[in-house]
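Asker: no sequence for this one, just the structure:
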Ligand SMILES: Nc1ncnc2c1ncn2[C@@H]1O[C@H](COP(=O)(O)OP(=O)(O)OP(=O)(O)O)[C@@H](O)[C@H]1O
Ligand SMILES: [Mg+2]
């Protein structure tokens, strides 16, 4: 279980300190799928990097299973917006990365993962020969091989076209339902947030904080066209509009 | 019957694709067109007595000298002693350059203290060191190898340093998350990322070592291709001078091709690598 309490994060910048995160409080149960949505600069990436242990200069409590997060580790997988594959390694070697592929157990797991992310036949292909979606699936397989307890995804499908994105969302839900890995998924896409998450965390900038958490009580597999889906989508959207819209008073001034 | 038509159709298609791509000679022949024409003109000019034999012997005469030297085994001896010198100097200088390049590329501290000095030394024309080397070490084998080593040190140092520096920060972040050990960080991120630069450095170093080999052997030796050229000059055997020059060209081209082959094998993954 992930427990975040009174988390504050400030960046020192030439123009003065930037409060990237202010008083974040969040509890995530083992195996939950949480999506984060919010305007640019509200600290979503910063929050994920702190949970990943890449950024340890914060104030407050960030604990995984009761232990403070003090550094990166394979129990906390991270998927970036770009696949970040090693260009000199082929698909299977990228998945194995620093683990020995000639170890029969790892070999078997890599083969299984290649099957799972539907890349059979591309084991020997180099990253430059892959499409963006395929490369991102390799990155996901690379993280899954380490059997992370929690998977942090920072706009992983942001650079992909709508079809590939929809497909990878299904792949990810498949993986989640099979492995019950805890997922923290950052996105800019409202539909994606509602389609994937059991909870949608809505964040706000200046300073970055959590505005609201909305439960998405829809059974999986979800349908994007159903009435209840649209209703929840509208709810999240209205939450946003409260955030985004400046007060209406000024706007009538011209008449 | 239908089989036959199928085959002939396929054959036709292939031929037409070939035609569309290249009208005329096969690809590898293009590079030979100019040299062959020049050689033919040269041979003709010699036969007509338009050029003096002592300045520009006919290609056929050079070829004959080449063949005779090869038969006596002298050619092989010269090439061998040159190759040992150049190889030894290259290995010594190249290995030092590679290690030092990695070292200064990795550590801020090492870079700050070492790199300025090395960059300054790089600007000294190497040939000006020859008198110094002769004073210190005589004209023996040691000063020759050292000169070659120095020449092959700089390109490899410089490009290795650059390559190590250019390792992607984003991939570094990935290695942190995957918890690479220090050793893996070096062997699985930094060196592969620097490999294109390192191989370029090796190619330049090989070139430099041949250049300095010629210089070193002409400053006095008792064997080697450079010595052969120098010796032939004294006796005005212009054809043998040409044989020596051709040998340098051949061996230089050969070693360059070997490095290119290695590049081709190692850099298949590289997007910007064009061969
Ligand atoms: N390394 C840094 N140094 C200084 N300020 C930073 C740094 N990283 C982030 N910030 C600031 O912290 C705030 C939050 O940044 P963050 O990248 O977490 O936003 P985000 O919600 O991920 O935005 P986006 O949706 O555009 O990715 C921003 O105001 C940004 O300027
Ligand atoms: Mg971000």
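Answerer: Yes, it's here. Please read these numbers as outputs of a predicted model, since none were measured by experiment. Ligands and ions are numbered 1, 2, ... in the order given.

Asker: all strands of chain A, in order?
Answerer: With DSSP state E, the ranges of strands along chain A come out as A:2-11, A:18-28, A:33-37, A:59-64, A:67-68, A:76-79, A:150-154, A:182-187, A:199-204, A:209-215.

Asker: what is the orientation angle of the second one with strand A:209-215?
Answerer: So the one you mean is strand A:18-28. Our comparison of strand A:18-28 with strand A:209-215, counting by axes from the mean of the first three to the mean of the last three Cα atoms, to 10 degrees, yields an angle of 30 degrees.

Asker: May I see the buried residues of strand A:18-28?
Answerer: Buried residues in strand A:18-28, counted by 16 or more other Cβ atoms under 10 Å in any protein chain shown: A:18-22, A:24, A:26, A:28. Using the backbone N, CA and C atoms, a C-beta is placed for each residue, glycine as well.

Asker: now swap in the fourth one and tell me
Answerer: Buried residues in strand A:59-64, counted by 16+ other Cβ under 10 Å: A:62, A:64.

Asker: Leaving out sequence neighbours, find the closest residue to residue 39.
Answerer: I went with chain A, as the question did not name one. In space, and not counting its chain neighbours, residue A:39 is closest to residue A:205: 5.7 Å by Cβ to Cβ, 6 or more residues apart in numbering or on different chains.

Asker: Sorry, I should have been clearer: chain B.
Answerer: Leaving out its chain neighbours, the residue that sits closest to residue B:39 by Cβ to Cβ, 6+ apart is residue B:59, at 5.1 Å.

Asker: Surely that neighbour and residue B:43 touch.
Answerer: Yes. Here residue B:59 reaches residue B:43: they are 5.2 Å apart, a contact under Cβ atoms under 8 Å.

Asker: Quick check: which ranges of the stretch 101-250 of chain B have low pLDDT?
Answerer: Within the stretch 101-250 of chain B, not a single segment meets pLDDT under 70.

Asker: Residues of it that sit close to chain A?
Answerer: B:170-171, B:173-181, B:184, B:188-189, B:192-193, B:195 (Cβ under 8 Å from any Cβ of the partner chain).

Asker: now do 6 Å
Answerer: Counting by Cβ under 6 Å from any Cβ of the partner chain, the stretch 101-250 of chain B comes close to chain A at B:170, B:174, B:176-180, B:184, B:192.

Asker: As CSV, those residues with secondary structure would be great.
Answerer: Output for those, formatted as CSV (DSSP: H, G, I helix; E, B strand; the rest coil):
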residue, secondary structure
B:170, helix
B:174, helix
B:176, helix
B:177, helix
B:178, coil
B:179, coil
B:180, coil
B:184, helix
B:192, helix
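
Asker: Counting neighbours, which of those residues comes out on top?
Answerer: The member of these that has the most neighbours, counting by other Cβ atoms under 10 Å in any protein chain shown, is residue B:177 with 24 neighbours.

Asker: so it makes contact with residue A:78?
Answerer: Yes. Using Cβ atoms under 6 Å as the test, residue B:177 is close enough to residue A:78 to be in contact (4.9 Å).

Asker: Identify the residues contacting the residue nearest to residue A:39.
Answerer: By Cβ atoms under 6 Å, 6 or more residues apart in numbering or on different chains, the contact list for residue A:205 reads A:39, A:41-42.

Asker: just those now: which is nearest residue B:236?
Answerer: The closest of these to residue B:236 turns out to be residue A:41 (Cβ to Cβ; 80.4 Å).

Asker: Report the separation between that closest one and residue A:4.
Answerer: 20 Å (Cβ to Cβ, to the nearest Å).

Asker: same thing with residue A:152?
Answerer: Here residue A:152 is placed at a distance of 13 Å from residue A:4 (Cβ to Cβ).

Asker: ditto for residue B:123
Answerer: Applying Cβ to Cβ, the value for residue B:123 to residue A:4 is 56 Å.

Asker: With neighbour numbers in mind, choose between those two.
Answerer: More crowded of residue B:123 and residue A:4, by other Cβ under 10 Å: residue A:4, with 22 against 7.

Asker: out of everything not next to it in sequence, what's closest to that one?
Answerer: Closest to residue A:4 by Cβ to Cβ, 6+ apart is residue A:26, at 4.4 Å.

Asker: what about the residue lying closest to residue B:174 once chain neighbours are set aside, neighbour count?
Answerer: Leaving aside its chain neighbours, residue B:174 sits nearest to residue A:84 (5.0 Å; criterion: Cβ to Cβ, 6+ apart). Residues within reach of residue A:84, counting by other Cβ under 10 Å, total 22.

Asker: Where does the stretch 151-255 of chain A get nearest to chain B, residue-wise?
Answerer: Using Cβ to the nearest Cβ, the closest approach of the stretch 151-255 of chain A to chain B is made by residue A:152 at 9.3 Å.

Asker: In this structure residue A:160 contacts residue A:133, no?
Answerer: Yes. Assessed by Cβ under 6 Å, residue A:160 is found in contact with residue A:133 at 5.3 Å.

Asker: tell me, what's touching these two both at once?
Answerer: Residues touching both residue A:160 and residue A:133 (Cβ under 6 Å, 6+ apart): none.

Asker: Give me the residue ranges of chain A where confidence is low.
Answerer: Scanning chain A for pLDDT under 70 picks out A:243-255.

Asker: re earlier: which one of the residues of the stretch 101-250 of chain B next to chain A sits closest to residue B:82?
Answerer: Among those, residue B:192 lies closest to residue B:82 (Cβ to Cβ), at 33.6 Å.

Asker: contacting residues for residue B:199?
Answerer: If you count contacts by Cβ under 6 Å, 6+ apart, residue B:199 has them with residue B:263.

Asker: In terms of helices and strands, where is it?
Answerer: In this structure, residue B:199 sits in helix B:191-218 according to DSSP states H and E.

Asker: Measure how buried residue B:198 is and give me the count.
Answerer: Residue B:198 has 24 nearby residues by other Cβ under 10 Å.

Asker: if I read this right, it contacts residue B:160, doesn't it?
Answerer: Yes. With contact defined as Cβ under 6 Å, residue B:198 reaches residue B:160; the gap is 5.3 Å.

Asker: Can you get me the start-to-end distance on stretch B:219-235?
Answerer: Start and end residues of stretch B:219-235 are separated by 17 Å (Cα to Cα, to the nearest Å).

Asker: on that earlier part again, in CSV, list the residues of the stretch 101-250 of chain B next to chain A along with distance to ligand 1.
Answerer: Converted to CSV, those look like this (distance: Cβ to the nearest ligand atom, whole Å):
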residue, distance to ligand 1
B:170, 14
B:174, 17
B:176, 15
B:177, 17
B:178, 22
B:179, 22
B:180, 22
B:184, 26
B:192, 27
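
Asker: how far away is residue A:100 from residue A:93?
Answerer: From residue A:100 over to residue A:93 (counting by Cβ to Cβ), the distance is 11 Å.

Asker: let me fix that: residue A:234
Answerer: Taken as Cβ to Cβ, the span from residue A:234 to residue A:93 is 46 Å.
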